[in-house]
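Just the structure for this:
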Amino acid sequence: MSQALSRFGLAPLGRVCVVSVPKLLQKLSKYYGLSKCLKYSSYEELFALHSELVMNMALKDFELFRAALTRHRCRTFLKKVPLLISAFEFFSSSHFLSMDIFVLISYSHVCKICIVNHSLSLSATWCSVHVRQLNLQEIIKYWYQRYRLFSKLDKGVLMDREGWFSVTPERIAEHIADRMVRQPGILIVDAFAGVGGNSIQLALKGARVIAIDMDPIRLKCARENARVYGVEDRIDFICCDFFHFASKWMNDVGKPVDAVFLSPPWGGPSYLKSTVFDLDDLNPNGFDIFTVARKLSPNIAYFLPRNTALKQLISLSGSGGRCEIEQSCLNKKIKTLTAYYGSLAVQRS
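A predicted model of the protein is given here:
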């Protein structure tokens, strides 16, 4: 497989392969991962840039979390202040109570609270900077479910910020792998590998996997996660655009793969706000993704939000084609759906 990859311009870097970036980036206008800068021409420069961006984003998110936590504690404290004052009511009127409370949070970006109470008269000043709103409940939801995403999370699994929202829960990924891997040694392309959840499960079932992603940070995480699960040697990681890969593979190799797994970016948790998820809303376009994948193999598994338009998925099978749509449930709730095409779809008598 490595020889086949090298024939169409993919240079190996350890277990990661990187395409010639400048020409490829000039053709792409929609999908860059975390960076849209065109001047970084090597994997090392691009990886260094993305590492810095991810670290900064993580620090900001942590500061916002601490800010929200501190504000909650301060509000709770303010509610208790009147109760604190009532405890001194037994003093006679000749007594003068002076209580100065000053709380300065160590994070300069967060907030500053000053409470001054003189002679039982309370005044409070609240000052806070304008910061980006953070939906803590949204993040906490994924954090509480972290072991459903990766059962070996504490063994060294890595995820970037986007990975928390996009990785397939492990039990669902394992089930999809059971459906796709009919025999050991088959070749499967994971077109949008992310941090590697599906690639790992496919490899654990005995498949050879080509894991593709445009983001070097996520691909680096995917390789490390594959090492944690002991399947790094069964996965080839390629940092490139799926459309570019498919074109070069068919032109230079010319041999179809056994199956293709599609799990394109859904656009974050905001997809849940829509009544119906449209394939045209995917970036890249969901119809274009399927068209290109079909050139690689007729056997496709398309992993999508639970509210995806079913008529669109059925239409992808074409005249006389087969399509099986499967809903995945966790904790008695429908989480996602997977559309199977070609020989992956169950044949009904």
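
rest of the way, CA atoms for contacts and neighbours
OK.

Show me the shaky parts of the stretch 101-250 of the chain.
101-139 (pLDDT under 70).

For it, which segments are assigned as helices?
Assigned by DSSP state H, counting those that start in this stretch, the helices in the stretch 101-250 of the chain fall at 136-144, 146-149, 161-166, 170-180, 197-204, 216-228, 242-248.

So for the shortest one, what gets flagged as buried?
When neighbours are counted by 16 or more other Cα atoms under 10 Å, the buried residues of helix 146-149 are found to be 146, 148-149.

Could you dump these into JSON lines and include distance to residue 174?
Listed next are these as JSON lines, based on distance: Cα to Cα, whole Å:
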{"residue": "146", "distance to residue 174": "16"}
{"residue": "148", "distance to residue 174": "11"}
{"residue": "149", "distance to residue 174": "11"}
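
Sort out which one of those residues lies nearest residue 230 for me.
residue 149 (17.1 Å; Cα to Cα).

Contact partners for the nearest residue to the closest one once chain neighbours are set aside?
Spatial nearest neighbour of residue 149, chain neighbours left out: residue 169 (4.2 Å); criterion: Cα to Cα, 6 or more residues apart in numbering. Listed by Cα atoms under 8 Å, 6 or more residues apart in numbering, the contact partners of residue 169 are 148-150, 197.

Just give me the closest of these to residue 329.
Nearest to residue 329 among these, with distances taken as Cα to Cα, is residue 148, at 12.3 Å.

helix or strand for residue 59, which one?
Assessed by DSSP states H and E, residue 59 sits inside helix 43-86.

who does that helix touch, helix- and strand-wise?
Applying 3 or more Cα pairs under 8 Å, 6 or more residues apart in numbering; DSSP states H and E, one finds that helix 43-86 contacts strand 111-118, helix 161-166, helix 216-228.

any idea which of those is most buried?
helix 216-228 (a mean of 23; mean count of other Cα atoms under 10 Å).

What are the contacting residues of it?
By Cα under 8 Å, 6+ apart, helix 216-228 touches 15-16, 43, 46-47, 50-51, 152, 155-160, 163, 193-197, 200, 212-213, 232, 235, 237-239.

could you flag which of those residues are buried?
16, 43, 46-47, 50-51, 157-160, 163, 193-197, 200, 212-213, 232, 235, 237-239.

Near the residue lying closest to residue 236 once chain neighbours are set aside, how many other residues are there?
Using Cα to Cα, 6+ apart and skipping residues adjacent in sequence, the residue nearest residue 236 is residue 210, 4.9 Å away. Using other Cα atoms under 10 Å, residue 210 has 21 neighbouring residues.

Touching, residue 210 and residue 233? I think so.
No. The criterion here is Cα atoms under 8 Å, and residue 210 misses it with residue 233 at 11.2 Å.

Can you list the buried residues in stretch 310-320?
Buried, per 16+ other Cα under 10 Å, within stretch 310-320: 313-314, 316-317.

now, which of those residues lie within helices?
The members of the buried residues of stretch 310-320 that map onto helices under DSSP state H are 313-314, 316.

Just give me the closest of the residues you listed to residue 289.
Distances from residue 289 to those, taken by Cα to Cα, are shortest for residue 316, at 11.0 Å.

Next, the contact list for that closest one, please.
287, 290.

Now distance to residue 288 too, for the helices and strands packed on helix 43-86, in CSV please.
Listed next are the helices and strands packed on helix 43-86 as CSV, based on distance: least, Cα to Cα, whole Å:
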stretch, distance to residue 288
strand 111-118, 47
helix 161-166, 20
helix 216-228, 23
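
wait, which of those is closest to residue 177?
Of all these, helix 216-228 comes closest under Cα to Cα, at 15.0 Å.

The closest one vs helix 197-204, what angle?
30 degrees (axes from the mean of the first three to the mean of the last three Cα atoms, to 10 degrees).

So if we follow the domain assignment, how does the protein break up?
2-31+138-344, 61-128 (automatic domain parsing).

want to throw those into a markdown table with distance to residue 55?
Output for these, formatted as a markdown table (distance: least, Cα to Cα, whole Å):
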| stretch | distance to residue 55 |
| --- | --- |
| domain 2-31+138-344 | 9 |
| domain 61-128 | 10 |
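
Could you single out the most deeply buried of those domains?
Comparing these by mean count of other Cα under 10 Å gives domain 2-31+138-344 as most buried, with a mean of 18.

Any idea how far apart the tips of stretch 258-276 sit?
Using Cα to Cα, to the nearest Å, the end-to-end distance of stretch 258-276 comes to 31 Å.

actually stretch 322-338, not the one I typed
14 Å.

Contacts for it, please.
172, 301-306, 313-314, 317, 339-342, 345-346.

now it: mean pLDDT?
Averaged across stretch 322-338, pLDDT comes to 87.

before we move on, what about stretch 63-70?
In the prediction, stretch 63-70 has an average pLDDT of 81.

ok, now stretch 261-272?
Mean predicted lDDT for stretch 261-272 stands at 77.

switch to numbering from 844
I'll keep to 844 as the first residue from here, and by that count the last item is stretch 1104-1115.

Per-residue pLDDT of residue 861, please?
Predicted confidence (pLDDT) for residue 861: 48.

In strands, which of the contacts of stretch 1165-1181 fall?
1144-1148, 1182-1184 (DSSP state E).

Nearest to residue 1117 among the residues you listed?
Distances from residue 1117 to the ones in strands among the contacts of stretch 1165-1181, taken by Cα to Cα, are shortest for residue 1148, at 10.5 Å.

Skipping its backbone neighbours, what lies nearest the closest one in space?
Per Cα to Cα, 6+ apart, closest to residue 1148 is residue 1179, 5.0 Å.
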